[in-house]
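# predicted structure and sequence below. I'll ask about it afterward.
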Number of protein chains: 2
Amino acid sequence: MSPVTERPGTGQRAVILVSGGLDSTTVLAMALRQGYKCYTLSFDYGQRHRAELVAAQRVSSAHPDVQHKVVTLNLDSIGGSALTDPDIAVPEEATTGIPVTYVPARNTVFLSIALGWAEVLDAQAIFIGVNAVDYSGYPDCRPAYITAFEEMANLATRAGVEGRRLALHTPLMHLSKAEIIAAGIGLGVDYALTVSCYQATDEGLACGRCDACRLRRDGFLQAGVADPTRYRP
Amino acid sequence: MSPVTERPGTGQRAVILVSGGLDSTTVLAMALRQGYKCYTLSFDYGQRHRAELVAAQRVSSAHPDVQHKVVTLNLDSIGGSALTDPDIAVPEEATTGIPVTYVPARNTVFLSIALGWAEVLDAQAIFIGVNAVDYSGYPDCRPAYITAFEEMANLATRAGVEGRRLALHTPLMHLSKAEIIAAGIGLGVDYALTVSCYQATDEGLACGRCDACRLRRDGFLQAGVADPTRYRP
């Protein structure tokens, strides 16, 4: 395989949405391995799990060439989700359908701000760690949605008008949690830096009971990798 | 004409993007006339022209049934525009191409947050005052962009998954400024409440020299309507 094929992002810039969790941290490692100069973007959007912002900074800082930015927006003011509304409880057992932890239009809002930063940076790619396997209940994690966003994005910007295409990459779309973990371990990801829990303590201790914790724990088990998560006593 | 045709929004909710300017204030009047229960949305995004937020509140309060919300996000942190970066001057003469007052992906970001609120409200429509006549230099004011956003939006949300379509209305798209003003006057809009200037004073006094001021002044002239704008001495 030629070096060009191995590192298609060489000489290009990419904006990576990072939440400090397992998935987006793996995506960052994949984008770096592809040769992109990476700009990580996180959001302070009134979420319960503030520890994720600390983790997002931590996983970004693990790579000296990565520039990290936090954009603040009060999505909690529109409500509608257990992740931003203290009056809606985070469920601690499996649910069906679109879960209450779904934040209305969250991926669309995050990708839109990433699009704006990509335009300022003259970046050629945006990476997001959406997954159609574990999060099939979230409308904005489906492949058809991602394709539609990419089309819209290329009509929305100066780059699009001038004929430079922006690509929206979703390398985890069809991977199981165990496959994601296996890929990340192969890329040298230190998952001890990451926080996935929907209701982690400020110190990043996980509850071990919410959907995100269950998926993560099962993933390590199935991947045959020791779980580095720090759980609440 | 039947009452149903005249007021197609009766019994429906709509989110209206309002900037406090002439265009979006006219759009609000149009949506109200169509019978929608209207929810106005503005953004504190680090813009220079803070007077627009005061004006957005003022034009919303002029209608007792309208609920107004301001979402804060620090778009200035991604830079790239004369409207959010104090180091880039607002031009005071006509320019060609995409102007420096273009804020990267701004309409996409604003529409995405409107989409989230529309989902929480179970609204059937979003209204935005984009215009392909005066703002042909802005990529995110073109009809093809609006169509692509609407497609994406209907894949992004719970409502879309469940088969309820959300419509993105752009009633000003093909109107000249004079036609917009004439329509607004017909709907009883008080344009003295509005602020269009890119560098208005905190009291809402207009510079009279920027692109937005020029378009507005010419519009009143061409419509044959007295210009109620308060200009700086």
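Arrived safely.

# please make it C-alpha for all contacts and neighbour counts, starting now.
Noted.

# starting at the chain centroid, how far to stretch A:183-197?
For stretch A:183-197, the distance from its own C-alpha centre to the chain's C-alpha centre is 13 Å (Cα atoms, centre = their mean, to the nearest Å).

# do stretch A:114-134 as well
Computed by Cα atoms, centre = their mean, the separation of stretch A:114-134 from the middle of its chain amounts to 10 Å.

# check stretch A:193-210 too.
Offset of stretch A:193-210 from its chain centre (Cα atoms, centre = their mean): 15 Å.

# A:Ser112 reaches B:Asn107, doesn't it?
No - at 9.1 Å, A:Ser112 does not count as touching B:Asn107 under the criterion of Cα atoms under 8 Å.

# so between the two, which is more surrounded?
Under the criterion of other Cα atoms under 10 Å in any protein chain shown, the comparison of A:Ser112 against B:Asn107 puts A:Ser112 first, with 25 against 21.

# ok, then the element right after the host helix or strand of that one?
Using DSSP states H and E, the element containing A:Ser112 is helix A:106-121. Downstream of helix A:106-121, the first helix or strand assigned by DSSP H and E is strand A:125-127.

# check contacts around A:Ser77.
Neighbour list for A:Ser77: B:Val71 [criterion: Cα atoms under 8 Å, 6 or more residues apart in numbering or on different chains].

# can you give me phi and psi for it?
Backbone geometry at A:Ser77, expressed as degrees, to the nearest 10, gives phi -70, psi -20.

# do you know how far it is from B:Val120?
Separation of A:Ser77 from B:Val120 (Cα to Cα, to the nearest Å): 11 Å.

# show me whatever sits in contact with both of these two.
Both A:Ser77 and B:Val120 lack any common contact, where contact means Cα under 8 Å, 6+ apart.

# can you list the residues of chain A near chain B?
Applying Cα under 8 Å from any Cα of the partner chain, we find that chain A lies next to chain B at A:71-75, A:77-80, A:98, A:104-106, A:108-109, A:112-113, A:115-117, A:119-120, A:138-140, A:144-145, A:148-149, A:151-152, A:155-158, A:161.

# looking at chain A, which helix or strand is least sure?
helix A:3-6 (a mean of 55; mean pLDDT, DSSP states H and E).

# after it, next one along is what?
Following helix A:3-6 in sequence, per DSSP H and E, is strand A:13-17.

# show residues contacting that following strand.
A:24, A:27-28, A:31, A:36-42, A:110-111, A:114, A:117-118, A:121-129.

# after the top strand by length along chain A, which helix or strand is next?
If you go by DSSP state E, chain A has its longest strand at strand A:37-44. Proceeding N to C from strand A:37-44, the next assigned helix or strand is helix A:51-61, under DSSP H and E.

# so what secondary structure elements neighbour the following helix or strand past that following helix?
Using DSSP H and E, the helix or strand that follows helix A:51-61 in sequence is strand A:67-72. With contacts defined as 3 or more Cα pairs under 8 Å, 6 or more residues apart in numbering or on different chains; DSSP states H and E, strand A:67-72 has these neighbours: strand A:37-44, helix A:51-61.

# next, count neighbours for A:Glu6.
12.

# in the sheet, who's paired with the one residue in chain A that gets nearest to chain B?
Nearest to chain B, among the residues of chain A, is A:Leu73, at 4.1 Å (Cα to the nearest Cα). Each beta-bridge partner of A:Leu73 is listed here, defined by DSSP bridges: B:Leu73.

# hmm, A:Ala178 and A:Ala223 touching each other?
Yes - the pair A:Ala223 and A:Ala178 passes the contact test of Cα under 8 Å, sitting 4.6 Å apart.

# how about low-confidence regions in chain A?
Scanning chain A for pLDDT under 70 picks out A:1-5, A:48, A:79-102, A:134-136.

# hmm, try it at 80
Low-confidence segments of chain A, defined by pLDDT under 80: A:1-6, A:46-50, A:75-103, A:134-137.

# count of neighbours near A:Phe22?
Quick fix: residue A:22 reads Leu, not Phe. Quick note: A:Leu22 (other Cα under 10 Å) scores 25 neighbours.

# need the contact list for the residue nearest to A:Gly204 when sequence neighbours are not counted.
Distances taken as Cα to Cα, 6 or more residues apart in numbering or on different chains put A:Ala51 closest to A:Gly204, at 5.2 Å, once the chain neighbours are dropped. The neighbours of A:Ala51, taking Cα under 8 Å, 6+ apart as the test, are A:Val195, A:Ala200, A:Thr201, A:Asp202, A:Glu203, A:Gly204.

# next, count neighbours for the first one.
A:Val195 has 31 neighbouring residues, counting by other Cα under 10 Å.

# against A:Thr194, how distant is the closest residue to it other than its chain neighbours?
Nearest residue to A:Val195 in three dimensions, chain neighbours excluded: A:Gly21, at 4.8 Å (Cα to Cα, 6+ apart). For A:Gly21, the distance to A:Thr194 equals 5 Å [Cα to Cα].

# check A:Asp211 too.
As for A:Asp211, its distance to A:Thr194 is 16 Å (criterion: Cα to Cα).
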